[in-house]
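Engineer: Sequence plus predicted model, see below.
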Amino acid sequence: MEKRFRFTNDKIRSLPPNPPDARGTDLEFSDTDVMGLKCLVGKSGNKRWLLRYRNSSGKRRSIALGRFPDIDVSTARKVARKHLAQIAEGIDPLEAREEIKSQPTLSEFFWDTHLPLIQTRNRTWKQDSQRFRTLIEPTLGQQRLTDITVAQVQQLQLKLSQGGKGRKPLSPATCNRALALLKTLGAHAVRLGLVDTNQAAKIPLLQENNIRTRFLDLDDSKRLLDSAGNFKNRSIGGLVAMLLLTGCRLSELRLATYEYFDRKNRVLTIPASQTKNKQGRLVYLTDKMLEVLDSVPAKPGNPYLFPGRLAGKPLSNFRTGFNQILLAAGITDLENICLHTLRHTTASNMVSAGLPLSAVKAQLAHQSIQSSERYAKLTPKSLQQTSEQVSKLFSD
C-alpha cells in the first residue's frame with residue numbers, strides 16, 4: 001500500500017483501518033503537497049491529522065490538527081501551512097498552543113484572581129459578583145482572556161440593551177454597570193500582563209436617561225416624617241425618618257449598631273467599612289433624631305439600631321413598608337421614588353433653606369463640592385422665585 005501520495009478527500013475516505021494484528025496503533029500516511037502533514041488511521045478506522053516537524057532546537061515534535069472528516073484535506077493543509085510558517089519564524093506551534101491553554105478563561109480570571117482582590121478593597125464586590133454571574137458570564141465566561149474581541153464586547157452590550165428570546169431589554173444604567181465591570185477586568189488583566197489590550201475599553205458607555213429628578217419638597221417631607229413616625233413597624237418607620245433627617249446613605253443607617261451609638265455625646269459613628277469613600281464619620285444627633293431612635297425597640301441579642309425579623313440581622317426587604325409610608329403621606333408616584341430619594345431631599349431642603357453648599361457637603365459626607373451641587377436640586381418654588389427676580393430686573 002502506497003504510504004505517500006497527494007491527499008484528497010476521496011482517497012482519505014477510502015483508506016482501510018489499521019489491521020487488528022498490527023504492532024502499531026495507527027497506520028500513517030504522508031501528504032506529498034505539504035511536508036510533514038500526516039493522516040493516521042486507527043484500528044477502528046478513525047482518521048486524524050498530524051503535523052510532524054522539528055523545532056528551532058532540532059527536536060522532533062508533532063501537533064494534532066483534528067479528525068477527518070470534521071477537518072477536510074483543504075483545511076488540514078491550511079492549518080499545517082500556518083504552523084510551518086510559525087516554525088520558520090522560530091515559534092514552536094505546540095508550545096504556543098500549550099501557552100494558550102494555560103491562559104485563564106474570563107470566568108476563571110474573575111473568580112480566582114479578580115474577586116479575591118476586590119473583596120479586600122471594594123464594598124460593592126457582592127454586586128459585582130452578581131453582575132458578572134447574571135450579565136457577563138453566560139455569554140463570555142468560557143472565552144479565554146486573549147480571545148475576547150471588541151466585537152464580542154459590543155455584541156454583549158447589544159444583547160443586554162435590546163433583549164431577545166424571552167429576555168427584557170435592560171436599562172442603559174444596568175448595561176453600563178456590566179460594561180464598566182468588563183472594563184475593570186480588562187484593566188486588571190493588562191496590569192498582570194495577561195493581555196496586551198483592554199478590549200472593553202474601546203466600547204463607549206450608553207447614554208443614561210434614567211436619572212431620577214424626583215425629590216420631596218418641605219411639605220412632602222413633613223408629611224412623610226409624620227407618616228414614618230406613625231408606622232406600625234418601628235424599625236422601618238424609624239429608618240425612613242432617620243434617612244430623611246440625616247441624609248445618610250441607606251447602608252450607613254441600616255447597618256448602624258449600638259456599638260457606635262453614643263447617646264451621652266449625641267453622636268452616631270459611621271465606621272469606614274460602611275461608607276462609600278472608606279472614611280469614617282460622625283453624625284451629630286438632634287433631639288428629633290434621638291426621639292426617632294428611642295421609638296425603635298431594641299431586640300435582645302440583635303446589635304442593630306434597626307433590627308430585622310431574623311435573629312441578629314438588620315432590617316431588609318422593606319420596600320412594601322416604605323410604599324405604605326409614602327401613600328399614608330399622600331405621595332402616590334411610587335415609581336419615581338426610592339429610598340435614595342430621601343438623600344436627595346435632604347440636600348434639596350438644605351439648599352432651599354439657604355444653607356451653603358459647604359454645609360450640604362459636610363452633612364452628606366461628599367468628597368467634593370461637585371457631588372453636593374448634583375444632589376442640591378432646587379424646588380419649583382425657588383425656581384419660580386428666581387424667575388420673578390429676573391423679571392423684576394426689567395420692570396423698573
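Structural biologist: All right, it came through fine.
Engineer: Longest helix of the protein, counting residues only.
Structural biologist: Taking DSSP state H as the criterion, the chain has its longest helix at helix 172-191.
Engineer: which is the next helix or strand following that one?
Structural biologist: helix 218-230 (DSSP states H and E).
Engineer: Tell me the helices and strands packed up against the helix or strand just after that next one.
Structural biologist: Sequence-wise, the next helix or strand downstream of helix 218-230 (DSSP H and E) is helix 234-246. If you count contacts as 3 or more C-beta pairs under 8 Å, 6 or more residues apart in numbering; DSSP states H and E, helix 234-246 packs onto helix 218-230, helix 250-254, helix 287-294, helix 319-328, helix 341-352. Every residue, glycine included, has its C-beta placed from N, CA and C.
Engineer: next one: helix 234-246 to chain centre, how far?
Structural biologist: Relative to its chain's centre, helix 234-246 lies at 30 Å (C-alpha atoms, centre = their mean, to the nearest Å).
Engineer: tell me which residues in the longest helix of the chain are buried?
Structural biologist: 172, 174-179, 181-186, 188-189 (16 or more other C-beta atoms under 10 Å).
Engineer: same check, this time on stretch 6-16
Structural biologist: Using 16+ other C-beta under 10 Å as the test for burial, stretch 6-16 gives Phe7, Ile12, Leu15.
Engineer: CSV for those, including distance to Arg234 and pLDDT?
Structural biologist: Output for the buried residues of stretch 6-16, formatted as CSV (distance: C-beta to C-beta, whole Å; pLDDT from 0 to 100):
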residue, distance to Arg234, pLDDT
Phe7, 83, 96
Ile12, 81, 95
Leu15, 84, 95
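Engineer: can you list the residues you listed in CSV and add secondary structure?
Structural biologist: Output for the buried residues of stretch 6-16, formatted as CSV (DSSP: H, G, I helix; E, B strand; the rest coil):
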residue, secondary structure
Phe7, coil
Ile12, helix
Leu15, coil
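Engineer: from those residues, which is closest to Ser251?
Structural biologist: Distance to Ser251, by C-beta to C-beta, is smallest for Ile12 among the buried residues of stretch 6-16, at 65.8 Å.
Engineer: right, and the closest one touches Lys47 too?
Structural biologist: Yes - using C-beta atoms under 8 Å as the test, Ile12 is close enough to Lys47 to be in contact (6.3 Å).
Engineer: ok, so of the buried residues of stretch 6-16, who is nearest Leu293?
Structural biologist: Closest approach between those and Leu293, by C-beta to C-beta: Ile12, at 82.7 Å.
Engineer: show me what contacts that closest one?
Structural biologist: By C-beta atoms under 8 Å, 6 or more residues apart in numbering, the residues touching Ile12 are Cys39, Lys47, Phe68, Val73.
Engineer: Which two of these have the greatest separation?
Structural biologist: Using C-beta to C-beta, the pair of these lying farthest apart is Lys47 and Val73, separated by 10.8 Å.
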